[in-house]
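Asker: give the three-dimensional model of this entry:
(chains A, B and C)
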Amino acid sequence: MKPSHLPPRAGVGFKPEHFSEIDAARQPVGFFEVHAENYMGAGGPPHTRLARLREDYALSIHGVGLSIGSMQPLDRDHLARLKVLCERYQPESFSEHLAWSSHDTVFLNDLLPLPYTQDTLSRVVEHVDQVQEALGRQMLLENPATYLLFAESTLEETAFLAEVSRRTGCGLLLDVNNVFVAATNHHLDPYDYLARFPLDQVREIHLSGHSEATDDHSAPLLIDSHDTPVKDPVWALYAHVLERTGPVASLIEWDNDVPAWPVLKAEAEAANTLLAKARQRSAA
Amino acid sequence: MMNPEPGTQAQFAAALREADLPMPQGLCAWNGPDPARRFEVYRNNVRQGLLGALSSRFPAVERIVGRDFFTLMASEFISVNPPRSPVLLAYGEAFADFVAHFEAARSLVWLADVARLEWARGQAYHAADAEPLAATAFAALAPEALGDAVLTPHPSLSLLSSPFPVATLWAMNADEMPLAPIADWSGEDALIVRPHGLVRVYRLPPGAHAFFSALSGGESLGESAETALAAMPDFDLTAALALLIEAEAFIALHVRETSDAR
Amino acid sequence: MNKSLTALALAGSLASALAAVSVPSAAAAADKEKCYGVAMKGQNDCAAGAGTTCAGTSKVDYQANAWKYVPAGTCETMMTPKGGHGSLKQGPAPM
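Answerer: Purely as a prediction, here's the structure:
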C-alpha cells in the first residue's frame, strides 16, 4: 500500500481562476489540492489545467462525495472513478471525510455527521479498507466540522479516528479549523481535543476560515464556511499542533468568496513561516 | 413512502430534503435536546449547495428570470430531481424539461431551450478532448471522393434546434451580445462544440442543422447534403461547409468504399 | 439525385468554403490561449455554502408563495417578439 507522502510545506486549494497567475511563475507552494469530483469529466479545461499544475507541483486529491460514513455500502461506481483519477494523476495523497453524503441513490451534497458507536466504527473501518484496497494506496481521513451531536454516541471522535487509523492503517487529515469549529459548537476545549487526537497519524493539516452564528439558545455556533482568512485562534492551535507533530503538509482552503491569488499566497506564506520554525525545532 | 426508522440515516436524509418533516430523533447539543437551528444548518447547506450547482450551470436562465424566481424554480427541481451521483458536474440534465413544464414560467415558452443550450455548453466543456480536423484535410480530398467522405464528430459536438431565437437569447444573457429587444423573433438552430479550450456556440444557417445532424449520424458528405436540401430547399452548402471547417467540429475523415465502386 | 452532379457541387462548394474560411487557425490559437483562463466553476465543494448560517435563513414555503413569483431579470427587455418570422441575420454567434 503506497503511503501518503505530501511534502511538509504549505499548500493551497486550487481554484481555476488562479491558474494564469500560478502558471506565470514558480509559486511558494509545496502542493495543490483539488476536489476529486470536479475532475470526473472526460476532458476539457479542468484536466488541461490540472495536468499542467501536476508537472510542477505535488498534488493532493481530496474527495468530497464518497460517503465513507454511510451505513449503506460504498458507491462502487464512484470508487472506480476515484481509481481512474488517482491512476491518471498519481497524487502524493488521497483524502476523504469522516462523514456521509449519500443515502439510497440520492446525493445530499453535504458532509453529514454520524454517531460514534462500535457499529458505525466497524462500518467506517470496512469502507476505509475497501477504498485503500481499490486505490492501492493509503488514504487520509479528515475530522469533520460538526454542528450537533448524537445521543447514541458512545465513543469520542478522537478515539473513533484513532481506532479507524489503527485498524486500517489509514493516515489522518487534521483540519485545525474543524477542531476549533466543532469544539466551540460542542462547548469543548480545542486543546483538550488535540491532546486526545492521535497526532502521530497526521499526514496533512487543513486550515481555513469560518463564520459565526448562534444556536437555539443563543450560544455561539461556528460554521465551516471557508470564506475568510484563517482566524487567529486557529493559527494558534496550528502552531500548537506543529510543536507536537513537527512539520506536516498544511493546506489553505478557501472555497467561497475566493480572493485574488496574492491573498491566498500570503496565507500559504504565513503557514510556511510556522512550518519553518517547526523544521528548525526538529533540526535542533 | 414508509416512515424511515427513527435515528437512522434514512430519517436524517428525509428530514434534510423535506423542510416540513420534523427533525430526526436522537440529536442533541451540549446545551439541550432538539437542536433545531443546528439541524437547519445542514438542511440549508444541502439546499444552498445544490442551488449553487444549478445556478453555475444555468447562469443565463438565472439572469433571465432573476435570482428569486430562479431559486424558487431550482428548489422545486431539486426536490423532485435530486442528484443521483456525487459528480455534480453531471447534475441538471433534466432541468430543461422541468423548466418547460414549470407552471410559473409558462409565459417564457423559450426558457427551456436556453437551459438546453446551457446544458450542452456544460457537457461540451467536460467532454473528452480530441484534435479537430484541419482545413487541409478537406483540401487534400480528391473531388470525386468528397461525396463519400464520412466524418467523425468531436466528442463535445451537439446540435440544438429551436422554434425560438435560442442562440440570440443565450448570447444576450451571457455577455456575448448587448441586451436588446429581439425584433426578428424567428427560430434558431445552434451548434455547440469545444474543439480546444473554449466552448463555442454557432448560430446555424437554414438547413445546416439537418446537414450536421446527418453528418454526426454517420451519413457521408454527399448524403448529408441531400438530406439538408430535402429538409430546406434554400440550404446553402457552401456556407455549411465553411462553418464545418471553421467550427472544427469533426475529428476524423474517411472515404467510404461505395457498393458500386469498381 | 445524380451522383456526379452532387460531387461537382460539393467540390465547388468546398473550394468556396475553404477560400472563405481563411483564418480558422487564428480562432484555434485564441482558444488555446484563453483555455486556461476560462473556467466554469467546479460544482463540488466541501465548505458550508453561503446562506448556510442559520441566522436569517428561516424556513420558506416556496410552494405556498409561488403566486408571488414572476420572472424578473432580463426577460422583459427581450420579450418583444415582433415582426413575425422575418429574415434573421445568419452567421456564427459571437463567442
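
Asker: which strand or helix spans residue A:256?
Answerer: Using DSSP states H and E, residue A:256 sits in no helix or strand.

Asker: does the helix or strand hosting residue B:39 reach chain C?
Answerer: Assigned by DSSP H and E, residue B:39 falls within helix B:36-57. Yes: Helix B:36-57 lies within reach of chain C by C-beta under 8 Å from any C-beta of the partner chain, at B:37, B:38, B:40, B:41, B:44, B:45, B:48, B:49, B:52, B:53, B:56, B:57. Glycine gets a C-beta too; all of them are placed from N, C-alpha and C.

Asker: please name the residues that touch the residue nearest to the last one when sequence neighbours are not counted.
Answerer: Looking back up the chat, that one is residue B:57. Once flanking residues are discounted, residue B:57 sits nearest to residue B:92: 4.8 Å by C-beta to C-beta, 6 or more residues apart in numbering or on different chains. Counting by C-beta atoms under 8 Å, 6 or more residues apart in numbering or on different chains, residue B:92 makes contact with B:53, B:54, B:57, B:58, B:119, B:122.

Asker: need those residues in CSV with pLDDT, can you?
Answerer: Below are the contacts of residue B:92 laid out as CSV (pLDDT from 0 to 100):
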residue, pLDDT
B:53, 93
B:54, 95
B:57, 94
B:58, 96
B:119, 96
B:122, 94
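
Asker: what's the closest of these to chain C?
Answerer: Among the contacts of residue B:92, residue B:53 lies closest to chain C (C-beta to the nearest C-beta), at 4.6 Å.

Asker: please report the distance of that closest one from residue B:40.
Answerer: 20 Å (C-beta to C-beta, to the nearest Å).

Asker: kindly report the same for residue C:46.
Answerer: Using C-beta to C-beta, one obtains 20 Å as the distance from residue C:46 to residue B:40.

Asker: SS state for the residue of the stretch 151-262 of chain B found nearest chain A?
Answerer: Of all residues in the stretch 151-262 of chain B, residue B:197 sits closest to chain A, at 5.3 Å by C-beta to the nearest C-beta. Assigned with DSSP: H, G, I helix; E, B strand; the rest coil, residue B:197 falls in the coil class.

Asker: ok, it touching residue A:47?
Answerer: No: between residue B:197 and residue A:47 no contact is recorded; they are 10.9 Å apart, counting by C-beta atoms under 8 Å.

Asker: higher neighbour count, these two?
Answerer: residue B:197 (21 against 18; other C-beta atoms under 10 Å in any protein chain shown).

Asker: coming back round to it: report the two of the contacts of residue B:92 separated the most.
Answerer: B:53 and B:119 (12.7 Å; C-beta to C-beta).

Asker: more crowded one of these two?
Answerer: residue B:53 (24 against 21).

Asker: pull the contacting residues for the more buried one.
Answerer: A:109, B:83, B:88, B:91, B:92, C:43.

Asker: just the buried residues of these.
Answerer: Those of these that meet the buried threshold are A:109, B:83, B:88, B:91, B:92, C:43, by 16 or more other C-beta atoms under 10 Å in any protein chain shown.

Asker: who are the packing partners of the helix or strand hosting residue A:264?
Answerer: Element membership for residue A:264, per DSSP H and E: helix A:261-283. If contacts are counted by 3 or more C-beta pairs under 8 Å, 6 or more residues apart in numbering or on different chains; DSSP states H and E, helix A:261-283 sits against strand A:10-13, helix A:232-245, strand A:250-253.

Asker: dump the ones you listed to a markdown table, plus distance to residue A:175 and mean neighbour count.
Answerer: Below are the helices and strands packed on helix A:261-283 laid out as a markdown table (distance: least, C-beta to C-beta, whole Å; neighbours: other C-beta atoms under 10 Å in any protein chain shown):
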| stretch | distance to residue A:175 | mean neighbour count |
| --- | --- | --- |
| strand A:10-13 | 12 | 26 |
| helix A:232-245 | 10 | 17 |
| strand A:250-253 | 8 | 26 |
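
Asker: and the closest residue to chain C within chain B, how far is that from residue B:167?
Answerer: For chain B, the residue positioned closest to chain C under C-beta to the nearest C-beta is residue B:197, at a distance of 1.7 Å. Distance, residue B:197 to residue B:167, using C-beta to C-beta: 21 Å.

Asker: with residue A:106 instead?
Answerer: 35 Å.

Asker: what's the weakest-modelled helix or strand in chain C?
Answerer: The helix or strand of chain C with the poorest confidence is helix C:24-35; it has a mean of 56 (mean pLDDT, DSSP states H and E).

Asker: what ranges does chain A have for its helices?
Answerer: Ranges of helices within chain A are A:19-24, A:45-56, A:76-89, A:118-135, A:157-168, A:176-185, A:190-196, A:232-245, A:261-283, based on DSSP state H.

Asker: any part of the fifth one near chain B?
Answerer: No: looking at helix A:157-168 against chain B by C-beta under 8 Å from any C-beta, there are no contacts, and the closest approach is 13.8 Å.

Asker: quick one: low-confidence ranges for chain C?
Answerer: C:1-5, C:22-42, C:48-69, C:76-95 (pLDDT under 70).

Asker: show me what the lengthiest helix in it is in contact with.
Answerer: Across chain C, the longest stretch assigned as helix under DSSP H is helix C:3-20. Helix C:3-20 has contacts (C-beta under 8 Å, 6+ apart) with B:135, B:138-139, B:141, B:143-144, B:146-147, B:221-222, B:225-226, B:237-239, B:241-242, B:244-245.

Asker: let's see 6 Å
Answerer: Applying C-beta atoms under 6 Å, 6 or more residues apart in numbering or on different chains, the set of residues contacting helix C:3-20 from outside is B:139, B:143, B:144, B:146, B:147, B:222, B:237, B:238, B:241, B:242.

Asker: neighbours of the closest residue in space to residue B:74 that isn't next to it in sequence, just the number please.
Answerer: Take residue B:74 and drop its neighbours on the chain: the residue closest to it by C-beta to C-beta, 6+ apart is residue B:54, 4.6 Å away. Neighbour count for residue B:54, taken as other C-beta under 10 Å: 25.

Asker: low-confidence ranges in the chain?
Answerer: Picked chain A for this. Ranges of chain A meeting pLDDT under 70: none found.

Asker: um, chain B though
Answerer: Using pLDDT under 70, chain B drops low at B:1-2, B:258-262.

Asker: the more surrounded of residue C:46 and residue B:40?
Answerer: residue C:46 (28 against 22).

Asker: show me what contacts the closest residue to the more buried one other than its chain neighbours?
Answerer: Nearest residue to residue C:46 in three dimensions, chain neighbours excluded: residue A:64, at 4.3 Å (C-beta to C-beta, 6+ apart). By C-beta under 6 Å, 6+ apart, the contact list for residue A:64 reads A:35, A:37, C:44, C:46.

Asker: gap between the closest residue to residue A:52 other than its chain neighbours and chain B?
Answerer: Excluding its sequence neighbours, the residue lying closest to residue A:52 (C-beta to C-beta, 6+ apart) is residue A:23, at 6.5 Å. Distance, residue A:23 to chain B, using C-beta to the nearest C-beta, to the nearest Å: 13 Å.

Asker: how far away is the residue sitting furthest away from the middle of chain A from chain B?
Answerer: Most distant from the centre of chain A: residue A:217, at 30.2 Å, with distances by C-alpha atoms, centre = their mean. Residue A:217 sits 5 Å away from chain B, taking C-beta to the nearest C-beta as the criterion.

Asker: many thanks, we can stop here.
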